[in-house]
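# Here's my sequence, what's the structure:
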Amino acid sequence: MLKEQLYEIIRHDYALPKGLDEFEAVQQVIGVLGSTDAEVRDELGYRILANWLLRKNFLTGSQLSILLEQAISDDMLFFKIGEAESDHVFKRTFSALLIALILIRDNREEFLGEAAFFQALERINLYCRLEKDYRSYVEGKGWAHGPAHISDAIDECVRHRFTGLDECSKLWEGLLHLIDGAPHVYDAEEDERITIPIIAMVESGKVPFSTLCRWLERIELPAEKDLISMTRRINIKHFIRCLTFGLLAKGLGKVEDLMIIERKFNPFVAD
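Okay, the predicted model is just below:
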């Protein structure tokens, strides 16, 4: 779909293009999610999809189920996975945002069966382990932001009716991969986005605060002085601080327990 056609959709209050039904139109817009033009991909394509799926409620439950299967496929979320510095990252990371949109709808309307949801959860978790491109803003091409985008999808998984403690534990491991695997210090609030689904685990009552504390206690800061270890150490410490302040802001957990965790990762904190 051309940029001018996308503009036409927005100018006409997100009306369907003539001659296309809802599913056909959605498929055409999905085709621009891998564009290297940030305006086409983000400001137009994703914006239209968000409006159609969340405001206009386009597509039936069965159509959305088909769309989710497409979004988690090797042709979208896993397209050329493993590449670290290529333009294919945009298709993967904006597929993650599409997955989040579909899960938001399912959290409202409950059209997914258990098998379909658990398949999506496993694919999302696998993505966290396999993604190698952690770039945030790409000059001249806009946001890639994979860790942030997949965290949005994970947040919807956490809030899902089929998710319990076991599923949260798996998602926790996936999120830790995003912290541990980054080749550079996060610079675009990725650590904050990663903590949002973890806070939701506790806030929803699916993960007891004491369980989260045990998970945190198992994290070890790398002691080595090489650049990779220093990067991991900084990202872990930033993640812990974001999580601690996020939990405190919502009144979740005991301050003294959170301070014990904070002191483990930041021994210079004042008593």
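# ok, and what's touching the longest helix seen in the chain?
Criterion DSSP state H: the longest helix present in the chain is helix 227-249. Here helix 227-249 makes contact (CB atoms under 8 Å, 6 or more residues apart in numbering) with 179-180, 182-186, 191-192, 194-196, 198-199, 202, 209, 216, 219, 221-223, 253, 255, 258, 261-262, 265-266. From N, CA and C alone the C-beta is placed, and that goes for glycine too.
# Not including adjacent chain positions, what is the nearest residue to the residue sitting nearest the centre point of the chain?
Nearest to the centroid of the C-alpha atoms of the chain, with distances taken as CA atoms, centre = their mean, sits residue 150, at 1.9 Å. Counting by CB to CB, 6 or more residues apart in numbering, residue 96 is the residue found nearest to residue 150 once chain neighbours are left out, at 4.5 Å.
# Quickly note the distance from the one you found to residue 71.
According to CB to CB, to the nearest Å, residue 96 stands 8 Å off from residue 71.
# Which neighbouring elements make contact with the next helix or strand after the longest helix of the chain?
Sequence order places helix 255-265 as the next helix or strand after helix 227-249, per DSSP states H and E. Identification of packing neighbours for helix 255-265 by 3 or more CB pairs under 8 Å, 6 or more residues apart in numbering; DSSP states H and E yields helix 209-217, helix 227-249.
# To residue 11, which of these lies closest?
Comparing the helices and strands packed on helix 255-265 against residue 11 with CB to CB, the closest turns out to be helix 227-249 (39.3 Å).
# What residues sit buried inside that closest one?
Buried residues in helix 227-249, defined by neighbour count with 16 or more other CB atoms under 10 Å: 231-236, 238-244, 246-247.
# And stretch 192-209, by the same measure?
Of the residues in stretch 192-209, those with enough neighbours to count as buried (16+ other CB under 10 Å) are 192-203, 206-207, 209.
# Which parts of the protein are helices?
Counting by DSSP H, one finds helices in the chain at the ranges 3-11, 22-30, 38, 47-50, 61-71, 89-109, 114-130, 146-158, 165-180, 190-203, 209-217, 227-249, 255-265.
# circling back to that earlier point, okay, now the residue nearest to residue 150: neighbour count?
Burial of residue 96 is recorded as 25 neighbouring residues (other CB atoms under 10 Å).
# Does it touch residue 123 like I think?
No: contact between residue 96 and residue 123 fails when scored by CB atoms under 8 Å: they sit 10.5 Å apart.
# Need the overlap of contacts for the two.
Between them, residue 96 and residue 123 have residue 77 as joint contacts when contacts are counted by CB under 8 Å, 6+ apart.
# quick one, what contacts residue 57?
Shown in contact with residue 57 (CB under 8 Å, 6+ apart): residue 105.
# Ramachandran angles for it?
Taking degrees, to the nearest 10, you get phi 60, psi 40 for the backbone angles of residue 57.
# Please tell me how far it sits from residue 14.
Computed as CB to CB, the residue 57 to residue 14 distance reads 12 Å.
# Excluding sequence neighbours, find me the nearest residue to residue 114.
Take residue 114 and drop its neighbours on the chain: the residue closest to it by CB to CB, 6+ apart is residue 162, 5.5 Å away.
# How much space separates the one you found from residue 121?
Here the criterion is CB to CB. By it, residue 162 lies 8 Å from residue 121.
# between the two, who's got more neighbours?
Taking other CB under 10 Å, residue 162 and residue 121 do not tie; residue 121 has more neighbours (23 against 16).
# quick one: contacts for that one?
With CB under 8 Å, 6+ apart as the criterion, the residues that contact residue 121 are 157, 163, 167, 170-171.
# so which of these comes closest to residue 21?
Of all the contacts of residue 121, the one with the least separation from residue 21 (CB to CB) is residue 157, at 29.4 Å.
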